[in-house]
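[1] give me coordinates for this.
(chains A, B, C and D)
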Number of protein chains: 2
Amino acid sequence: MKKTSNLAKTDTSTTLGIEVFCQLRDDLKANRFKPGERLRFENMKRIYDVGVAPLREALSRLTEAGLVVQIGQKGYRVAPASLADLRDIVETRRFLEVRGFQEAVRHGGDDWEEAIVAAFHGFSKVSQRKPATAAERALWEERHSNFHNALMSGCPSRWLLQLWSMVFDHAERYRRLAIEVGHWSDDELGDHKKLLDAALARDADKAGELLHQHIGFSAERLLARIGQILLEAPELKADGHESTVKQDAAVSPKAGRTKAKGRRPARVQTGGNSL
Amino acid sequence: MKKTSNLAKTDTSTTLGIEVFCQLRDDLKANRFKPGERLRFENMKRIYDVGVAPLREALSRLTEAGLVVQIGQKGYRVAPASLADLRDIVETRRFLEVRGFQEAVRHGGDDWEEAIVAAFHGFSKVSQRKPATAAERALWEERHSNFHNALMSGCPSRWLLQLWSMVFDHAERYRRLAIEVGHWSDDELGDHKKLLDAALARDADKAGELLHQHIGFSAERLLARIGQILLEAPELKADGHESTVKQDAAVSPKAGRTKAKGRRPARVQTGGNSL
DNA sequence: CGCAAGAAAAATTTCGACTTTTTTCACTTT
DNA sequence: AAAGTGAAAAAAGTCGAAATTTTTCTTGCG
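    You can find the predicted model right below:
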């Protein structure tokens, strides 16, 4: 960052790699780079004003997060988008979020209640009517995420939250791809209000049921819109997904390596082990 | 095309970063480095015979995977171990694996059936009696993982598999920390045979139920053993977990950066956003 | 005219050295 | 003796340039 002028000397105890990771992740979620787009180092160096080392760290991490794909000796690309991927994301998110929300309803404390009330309030202020400008849409998306995040925050399982936030990030990328029209229900606010009420009433069953439906309905609209977009812009579409990362490579005692040559078919490298 | 000469000159179309990532990941799962241990670059450079650049890429990715923790300007450490973490992992794994298995039972094809039969056969050959030597134990663990992996492989959701494999890796690290005694049931084989049978019978309900129980029972033994180990070796224990990665940092248009100074409290940087 | 080879250009990956930050340790002070 | 103080040593983080690989462009041949 250009520096927060005189005070607050840009945070030490962080690294450029981490900072770029955060920024790039947010830019990816905002579709500042389009799905499938190549991420060239020269370009990135200019944009984020860092050398290749921090960039590669950030991109490596994002690869593991699945937002970016590494291709052999051919650099990195934004993870492609596809309807199949979105369907999978939606279902997985629903599965995790329903559980997390129910756990939150069961175990959340006073602080959690306060958090969800506060988040709902913030959300309600931008949901009275459909957001028009880009800035309004961004704000709506942020408040919306914050609310779902707050609902989940009462869940005691760190791992569930971690995994959920991973797929939620991807869902957000698709959502923000479908900005403009569509993707807007007449009663976004009421829908979420019901979630809040069930949460405060500590009715886990009802909460789960409502959230299940809520995600289902939004997903329908989103899928329709994204299907449309991908038809119009086939350059964004996904294709060859393949795993490369060796699964269980036995022991690997000393590694040992020799500058060797050779040639092999390029392989895509996505997050984790598969996908 | 140069051609793959006579004997496999170490794979091109991969990068050192990726290779180190795989090796280090496997070494971490095998507890070659102990939980909480500091991962110094000088040491790592010797062990894996690479420069810092590929190492940092690998460590970054492993941070996102949660197997490693980055600390500020103080380098990387192996993710600490704790009973609470293990409990969380076990529950999350169970949640994901039961669902994935059921989906596999419902949607798996002939290839899947063949895969699980084959994997079970391999597993059965090392499960007749309790493994004694370290090599036998490693082999048992591998076959065991392979079997569970095969069971899951029929699940059509790439995302569910991806997330599952992430927690499964962590579970494996704990399992292999509890090597020696304990952690061995009299009927490991029969237990898994039932899973296979339910799968082949396409009985999703029963399959889910059996797997739920199976994971529950193994977890009990594992938790007991790990509790014991952590008591004896308190230097492995986990403590301050905190998130650092900024959540939703708005837009971030140009980044811009200036070599700035300052001082701030160190923060731990774990996988994803939280945990 | 198409198309394969090969040279030139561009891009990725990796290393080695430089910079900054943290850690260690001897030395002084209360 | 405990606790600051401040240099020296060690370690992490970063850049720039070298080494490789991929991509593009040109040229020659069927």
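[2] use CA for all of it now, contacts and neighbours both
    OK.
[3] hmm, A:Arg93 is touching A:Asp169, no?
    No: using CA atoms under 8 Å, A:Arg93 is not in contact with A:Asp169, being 10.0 Å away.
[4] quick one, phi psi at A:Tyr76?
    Backbone torsions for A:Tyr76, taken as degrees, to the nearest 10, come to phi -110, psi 150.
[5] next one, pLDDT for it please.
    A:Tyr76 is assigned a pLDDT of 98 by the prediction.
[6] now it: how far from chain B?
    12 Å (CA to the nearest CA, to the nearest Å).
[7] for that residue, what are its contacts?
    A:38-40, A:59, A:68-70 (CA atoms under 8 Å, 6 or more residues apart in numbering or on different chains).
[8] tell me the one of the residues you listed nearest chain B?
    A:Leu59 (8.5 Å; CA to the nearest CA).
[9] quick check: the closest one vs A:Phe120, distance?
    34 Å (CA to CA, to the nearest Å).
[10] spell out which parts of chain A neighbour DNA strand C.
    Residues of chain A lying close to DNA strand C by CA under 7 Å from any atom of the strand are A:12-13, A:39-42, A:52-53, A:70-76.
[11] now do the contacts for A:Arg143.
    A:119, A:122-123, A:126 are the contacts of A:Arg143 under CA under 8 Å, 6+ apart.
[12] just checking, A:Arg129 is part of a helix?
    No: going by DSSP: H, G, I helix; E, B strand; the rest coil, the assignment for A:Arg129 is coil, not a helix.
[13] got phi/psi on it?
    phi -140, psi 170.
[14] number of residues surrounding A:Lys34?
    20 (other CA atoms under 10 Å in any protein chain shown).
[15] can you show me the helices along chain A?
    A:16-29, A:41-48, A:52-65, A:83-107, A:110-125, A:134-153, A:158-177, A:188-200, A:204-232 (DSSP state H).
[16] how is chain A divided into domains?
    A:16-78, A:83-234 (automatic domain parsing).
[17] highest mean neighbour count out of the ones you listed?
    domain A:16-78 (a mean of 20; mean count of other CA atoms under 10 Å in any protein chain shown).
[18] leaving out chain neighbours, which residue sits closest to the residue most central in space within chain A?
    Centroid check for chain A by CA atoms, centre = their mean gives A:Asp169 as the closest residue, at 1.1 Å. Nearest residue to A:Asp169, sequence neighbours excluded (CA to CA, 6 or more residues apart in numbering or on different chains): A:Lys29, at 6.7 Å.
[19] what of A:Cys155?
    Going by CA to CA, 6+ apart, A:Cys155 has A:Ala104 as its nearest residue, at 4.0 Å.
[20] ok, the one you found - contacts?
    A:151-156.
[21] tell me the one of those nearest DNA strand D?
    The nearest member of those to DNA strand D, counting by CA to the nearest atom of the strand, is A:Ser153 at 28.7 Å.
[22] ok now stretch A:75-87, how far from the chain's centre?
    Offset of stretch A:75-87 from its chain centre (CA atoms, centre = their mean, to the nearest Å): 12 Å.
[23] gap between the two ends of it?
    End-to-end distance of stretch A:75-87 (CA to CA): 28 Å.
[24] stretch A:34-44 now?
    Using CA to CA, the two ends of stretch A:34-44 sit 14 Å apart.
[25] near DNA strand D at all, it?
    No: counting by CA under 7 Å from any atom of the strand, DNA strand D has no neighbours in stretch A:34-44; the shortest distance is 10.4 Å.
[26] can you list the low-confidence ranges for chain A?
    A:1-11, A:180-186, A:234-275 (pLDDT under 70).
[27] make it 50
    Along chain A, the model assigns pLDDT under 50 to residues A:1-9, A:239-244, A:248-266, A:272-275.
[28] how close does A:Ile215 get to B:Pro35?
    Distance from A:Ile215 to B:Pro35, by CA to CA: 38 Å.
[29] still on that earlier bit, reformat the domains of chain A as CSV; add distance to B:Glu113.
    Putting the domains of chain A into CSV (distance: least, CA to CA, whole Å) gives the following:
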stretch, distance to B:Glu113
domain A:16-78, 29
domain A:83-234, 23
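[30] ok, now how distant is the residue lying closest to A:Phe168 once chain neighbours are set aside from A:Leu163?
    Using CA to CA, 6+ apart and skipping residues adjacent in sequence, the residue nearest A:Phe168 is A:Arg93, 6.5 Å away. Using CA to CA, A:Arg93 is found at 9 Å from A:Leu163.
[31] repeat that for A:His121.
    Counting by CA to CA - A:His121 and A:Leu163 are separated by 27 Å.
[32] with A:Val126 instead?
    In terms of CA to CA, A:Val126 sits 28 Å off from A:Leu163.
[33] swap in A:Arg143?
    A:Arg143 is 21 Å from A:Leu163, by CA to CA.
[34] ok, A:His148 next?
    Taking CA to CA, one finds A:His148 at 14 Å from A:Leu163.
[35] OK, contacts around the closest residue to A:Ala171 other than its chain neighbours?
    Closest residue to A:Ala171 apart from its sequence neighbours, by CA to CA, 6+ apart: A:Ile89 at 6.5 Å. A:Ile89 sits next to A:167, A:170-171, B:159 when contact means CA under 8 Å, 6+ apart.
[36] so stretch A:53-65, near chain B or not?
    Yes: using CA under 8 Å from any CA of the partner chain, stretch A:53-65 reaches chain B at A:53, A:56-58, A:60-65.
[37] from the chain's centroid, how far away is stretch A:36-56?
    20 Å.
[38] start to end distance for that stretch?
    Termini of stretch A:36-56 sit 18 Å apart (CA to CA).
[39] and stretch A:126-133, by the same measure?
    End-to-end for stretch A:126-133, by CA to CA: 12 Å.
[40] returning to that earlier point: my guess is the residue nearest to the centre of chain A meets A:Leu28, correct?
    No: with contact defined as CA under 8 Å, A:Asp169 does not count as touching A:Leu28 (9.4 Å).
[41] which one of the residues of chain A next to DNA strand C is nearest B:Ala84?
    Of all those, A:Ser13 has the smallest distance to B:Ala84: 27.5 Å, by CA to CA.
[42] next, give phi and psi for the residue nearest to the closest one when sequence neighbours are not counted.
    Spatial nearest neighbour of A:Ser13, chain neighbours left out: B:Gly72 (4.4 Å); criterion: CA to CA, 6+ apart. Per-residue torsions, B:Gly72: phi 170, psi -100 (degrees, to the nearest 10).
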